[in-house]
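*Asks:* next one to model:
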Amino acid sequence: MAAGRRLRRPALTTLLHACAALLALGCLAVTLWTGLEERPTALAFGVLVTVGELDRWTGARVREAAPLGAAAALSYALLGADAGQPTRHGVAQVVAVVLAAALLGCVPHVARGQGPALDHLARRLLCVAFAAVCFQPLYHRGAFDHWNGPAYALLLLALLALTVLCDCVLAAALAHSRTGWPFGPLLRDELRALLGIGSAVCATGAVMALAVAVVGLWALAVFSLPLLLTQLSFKRYAAVRTTYRQTIASLARATEIAGYTPVGHARRVAELSRAVGRDLGLTRPELAVLESAALMHDIGQLSLVDPVPAGATAALPGAEQRRIALLGGAVVRQTGVDPSVAVVVERQADPYREQPVAARIVRAVNAYEEKVRDAGPGGPLTALEELRLGTADDYAPDVVEALGRVLARDCLTLPWAG
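*Replies:* Numbers count the residues shown, from 1 in each chain. As a prediction, the model looks like this:
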């Protein structure tokens, strides 16, 4: 991306960070002024949030990087009683305890150069404050005194569900502000992810609040253990996914090492293809397939006796392009990669009206990258115009227009040199 664009902080991101900072400062000031109520309870929940943040993963992007910390924070926001005795802490203390614990949990990540993630911290504070504002004032006024048994449990679940929905909106808004990608698909991806770890966070947060209300703080150790084990399992899964992506990247570099394609060509096509897919509203699983196929789109050239000059397959006759694509699909199928990736690689040279969306994107982006490679300062505009002229037969018009929008957002400065 353009260096200037990276340095500009989007207005919405700045606004949300400023709101979170003001909230944090205000709650800290109130808590310091009034004192800390029920210190053992605050300490117990603070320790649990800290443990969750210490154990959060920092690799592949996930819906919730610290589910145990999130569940503990939300549970404290919705805590009405401790071992049958009403609690006295308010919204300000909830936010202050969660902030202190989250910052403490970030220390090792900061030392390793992996944090803190300001978006993550801002979302955590704003969502915890939302849940606490919805529950604590009403609880202290006795509004829930007649809510017993299942009705009270359903109330907590409803508040938690509303809170995580707000978190989804915040996450999608922050991603939209930073990247310019369409808000709708981003929100859809966030909502779909709730069916996984999000539902576990909601259930655990509600159970913790209910259990502490009946048996006291000892319940935290019992009910946090399953989510902690789940968090460890997700970390292992994330490590496996990282290894998978590294394997695909290594396979994609085979054509560069062998001299069939220029250095960095596959990476550039993959990055730009993913941006175009985002603009077109592809889901997260579809984007993963698209990125893998873009990385491996030229692997069929390894079967050629005579390399294509500069690896520029877009200028070859259609029959030769299809032969290379089929050879590439056969190679991909032998690697154990997702079969849908092989389908995209195989069909990237078909007529665009017969192609899946991912194959249309890879074809157009690959052609753009080849045309722009040595075209000089005016190369991006010239290459894009050539693609537009080819929309009658070779390239999908909606993909070319999406490519134009992506390039326009980045001032036509996406890198085309190695």
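
*Asks:* dump the residue contacts of A20.
*Replies:* For A20, the contact set (C-beta atoms under 8 Å, 6 or more residues apart in numbering) comprises L121, A122, L125, L126. (C-beta placed from N, C-alpha, C; glycine too.)

*Asks:* ok, the first one - contacts?
*Replies:* Contact partners of L121, counting by C-beta under 8 Å, 6+ apart, are A20, A102, L103, C106.

*Asks:* do the third one as well
*Replies:* Contact analysis of L125 by C-beta under 8 Å, 6+ apart lists A20, L23, A24, V95, V98, L99, A102.

*Asks:* name the next helix or strand following the biggest helix by length in the chain along the chain.
*Replies:* Secondary structure of the chain read by DSSP state H shows that its longest helix is helix 218-252. Next along the chain after helix 218-252, taking DSSP states H and E as the criterion, comes helix 254-257.

*Asks:* okay, the helix or strand that that next one is followed by in PDB with CA atoms only?
*Replies:* Counting by DSSP H and E, the next helix or strand C-terminal to helix 254-257 is helix 265-279. Extracted C-alpha coordinates of helix 265-279, given in PDB (Å, rounded to 0.1, in the frame of the first residue of the first chain):
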ATOM      1  CA  HIS A 265       5.000 -11.800  -8.900                       C
ATOM      2  CA  ALA A 266       2.900 -14.400  -7.100                       C
ATOM      3  CA  ARG A 267       2.800 -12.400  -3.900                       C
ATOM      4  CA  ARG A 268       1.800  -9.200  -5.700                       C
ATOM      5  CA  VAL A 269      -1.000 -11.000  -7.600                       C
ATOM      6  CA  ALA A 270      -2.200 -12.600  -4.300                       C
ATOM      7  CA  GLU A 271      -2.300  -9.300  -2.400                       C
ATOM      8  CA  LEU A 272      -4.100  -7.400  -5.100                       C
ATOM      9  CA  SER A 273      -6.500 -10.300  -5.800                       C
ATOM     10  CA  ARG A 274      -7.400 -10.400  -2.100                       C
ATOM     11  CA  ALA A 275      -8.100  -6.600  -2.200                       C
ATOM     12  CA  VAL A 276     -10.300  -7.000  -5.300                       C
ATOM     13  CA  GLY A 277     -12.100  -9.900  -3.700                       C
ATOM     14  CA  ARG A 278     -12.800  -7.800  -0.600                       C
ATOM     15  CA  ASP A 279     -14.100  -5.000  -2.800                       C
END
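
*Asks:* buried residues in helix 265-279?
*Replies:* Using 16 or more other C-beta atoms under 10 Å as the test for burial, helix 265-279 gives 265-279.

*Asks:* which of the contacts of L121 has the largest number of neighbours?
*Replies:* A102 (25 neighbours; other C-beta atoms under 10 Å).

*Asks:* state the three-state secondary structure for R56.
*Replies:* coil (DSSP: H, G, I helix; E, B strand; the rest coil).

*Asks:* any idea how far the residue nearest to it when sequence neighbours are not counted lies from G80?
*Replies:* Excluding the flanking residues, the one nearest R56 by C-beta to C-beta, 6 or more residues apart in numbering is A66, at 3.5 Å. Separation of A66 from G80 (C-beta to C-beta, to the nearest Å): 24 Å.

*Asks:* neighbour-wise, which of those two wins?
*Replies:* When A66 and G80 are compared on other C-beta under 10 Å, the one with more neighbours turns out to be A66, at 25 against 20.

*Asks:* give the next helix or strand downstream of the helix or strand of the chain with the lowest mean pLDDT.
*Replies:* Counting by mean pLDDT, DSSP states H and E, the weakest-scoring helix or strand in the chain turns out to be helix 3-7, with a mean of 40. In the C-terminal direction, the helix or strand that comes right after helix 3-7 (DSSP H and E) is helix 11-34.

*Asks:* give the buried residues for that next one.
*Replies:* T13, L16, H17, A20, L23, A24, C27, L28, T31.

*Asks:* from the contacts of L125, pick the one nearest V362.
*Replies:* A20 (39.3 Å; C-beta to C-beta).

*Asks:* not counting residues beside it along the chain, what's closest to that closest one?
*Replies:* Counting by C-beta to C-beta, 6+ apart, A122 is the residue found nearest to A20 once chain neighbours are left out, at 3.8 Å.

*Asks:* same question for the helix or strand where that neighbour lies: list its buried residues.
*Replies:* For A122, the host element (DSSP H and E) is helix 118-140. For helix 118-140, burial by neighbour count (16+ other C-beta under 10 Å) applies to 119-132, 134-136, 139.

*Asks:* equivalent analysis for stretch 101-117, please.
*Replies:* For stretch 101-117, burial by neighbour count (16+ other C-beta under 10 Å) applies to A101, A102, G105, C106, H109, G115.

*Asks:* that's a helix at the first one, yeah?
*Replies:* This means A101. Yes - the assignment for A101 (three-state DSSP) places it in a helix.

*Asks:* that one: what's it in contact with?
*Replies:* F45, G46, V47, L48, V49, T50, E53, G69, A73.

*Asks:* mind telling me what element the nearest residue to it once chain neighbours are set aside is part of?
*Replies:* Among residues not flanking A101 along the chain, V49 sits closest, at 3.7 Å (C-beta to C-beta, 6+ apart). In the assignment (DSSP H and E), V49 maps to helix 39-54.

*Asks:* and the next element down the chain from that helix?
*Replies:* Next helix or strand after helix 39-54 toward the C-terminus (DSSP H and E): helix 67-77.

*Asks:* tell me the mean pLDDT for that next one?
*Replies:* Computed over helix 67-77, the mean pLDDT rounds to 89.

*Asks:* and the very next helix or strand once past that helix, how far out from the chain middle?
*Replies:* Per DSSP H and E, the first helix or strand lying C-terminal to helix 67-77 is strand 81-82. The chain centre lies 36 Å from the centre of strand 81-82; the measure is C-alpha atoms, centre = their mean, to the nearest Å.
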